[in-house]
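1. compute the structure for the input listed below.
(one chain, ligands or ions: 1)
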Amino acid sequence: MPGSRTGQSQSGDDSATEPILTVEELSVRIAGLHILQGVSFTVAPTGVTVLLGRNGVGKTTTLRAVVGLTPRNGEVGGAVRMGAEDLLTRPTHRLVRGGLGYVPEDRCVFAGLTVAENLRLAERRGSTPAYDRVYALFPELDRRSRQRAGSLSGGQQQMLAIGRVLINDNRLLLVDEPTKGLAPKVVTEVAEVLQRVAESVPVLLVEQNLAVVRRLARDAVVLDAGRVAWTGDAKRLLSEAALTKSLLGVGSAEVQH
Ligand SMILES: Nc1ncnc2c1ncn2[C@@H]1O[C@H](COP(=O)(O)OP(=O)(O)OP(=O)(O)O)[C@@H](O)[C@H]1O
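-> The predicted structure is shown next:
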C-alpha cells in the first residue's frame, strides 16, 4: 500500500504522535450486504485526517460505526479504539460524553426549536457549555439565537450543527461532508471554521470538495468498495494527478481552488 504513514511519528517523538483513533479490521454488514470489509487506519492526534472515496464506498458507514450508529439490523466486527478505550462496546451517548463529537451529514438540527434551544439541548451534564467559543466561531448564531433552526439557510444550519458539538469539549471530532450543497462563499466560511477548530482538536473529516481537502487535511485515507485503498499525505495525493484519478475518479481541475 503506497504512502502508508498515517499516525506514524514524523518527529521521532512517539508520545506526541500516538493515534487518537485506531480502526482495526472494521467490518459492517447491513441486510446481508458486506459494506465495510476489514477497514484499518489511524487518526493522528492533531490536525485533520480526511476519509475519501467515490460515492457509496462506505465513508459515512465508517463514521457511523465508530460512533455506534450502525442501524439495528447491522452487524459490526473488528475494533475501534480512542486512546486505550474500546469504542464498539459502548453506546453512543457514552462515547459522546467521553469526548467523541459527531456532526452528521444530514445536520439533524431541530427545525421547530430556536438556535439557542438547539445549543442548550446539546449541553452535556457535568461540563460547562462553551457558548463563548461557539459564538466567537459563529457570530451569526449569536445574532440569530432566537430564530427557528428550520428557517435558517443550509449554511447557517451547518454552522449550528457544528456549533452544537463544539458547545462541549471534545477529544476527537467526526465531521461528515460539512460543505455538501453549500454555496461557494459558505463553503469557504465552513472550511475556515474547521481549520480553526482543528488547531485544538483532531478531526476525522469526510469531504468531497477537494479544494477544501487540500486546504484542511494533512493525512488521507481512501476507501474503495468497503476497503482501504490508500493512506498517506493528503497533499501528495492531490498533487499526483494519476493517483487522484485512479483513487477518486476525478481530474486535476477539480482539485484546484
Ligand atoms: N442502512 C443501510 N441499508 C442498506 N444499505 C446501506 C445502508 N447504509 C448504507 N448502505 C449502503 O452502503 C454503501 C456505503 O454507503 P455510505 O453512505 O457509507 O457511502 P459513502 O461513501 O458515505 O457515500 P457518499 O459519498 O455517496 O455519501 C452504499 O452502497 C449504501 O447504499
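2. so what's the predicted local confidence for Cys108?
-> For Cys108, the model assigns a pLDDT of 84.
3. check which helix or strand covers the nearest residue to it once chain neighbours are set aside.
-> Nearest residue to Cys108, sequence neighbours excluded (Cβ to Cβ, 6 or more residues apart in numbering): Ala161, at 6.8 Å. (Each C-beta comes from the backbone N, C-alpha and C, glycine too.) Using DSSP states H and E, Ala161 sits within helix 154-166.
4. what is that helix packed up against?
-> When contacts are defined as 3 or more Cβ pairs under 8 Å, 6 or more residues apart in numbering; DSSP states H and E, helix 154-166 sits against strand 100-103, helix 115-122, helix 131-137, helix 139-143, helix 184-197.
5. list the buried residues for the first one?
-> The neighbour-count check on strand 100-103 (16 or more other Cβ atoms under 10 Å) flags 100-103 as buried.
6. repeat that for stretch 137-146.
-> For stretch 137-146, using 16+ other Cβ under 10 Å, the buried residues are 137-138, 140-141, 144.
7. try stretch 26-34
-> Buried-residue list, stretch 26-34, by 16+ other Cβ under 10 Å: 26-30.
8. and stretch 106-113, by the same measure?
-> Buried-residue list, stretch 106-113, by 16+ other Cβ under 10 Å: 107, 109.
9. and the contacts of that stretch?
-> 117-118, 121, 148-150, 152, 157-158, 160-161, 164 (Cβ atoms under 8 Å, 6 or more residues apart in numbering).
10. can you flag the buried ones in the residues you listed?
-> 118, 148-149, 152, 157-158, 160-161, 164.
11. just flag the most distant two among the residues you listed.
-> The distance between the two most remote of these (Cβ to Cβ) is 16.1 Å, for Arg148 and Gln158.
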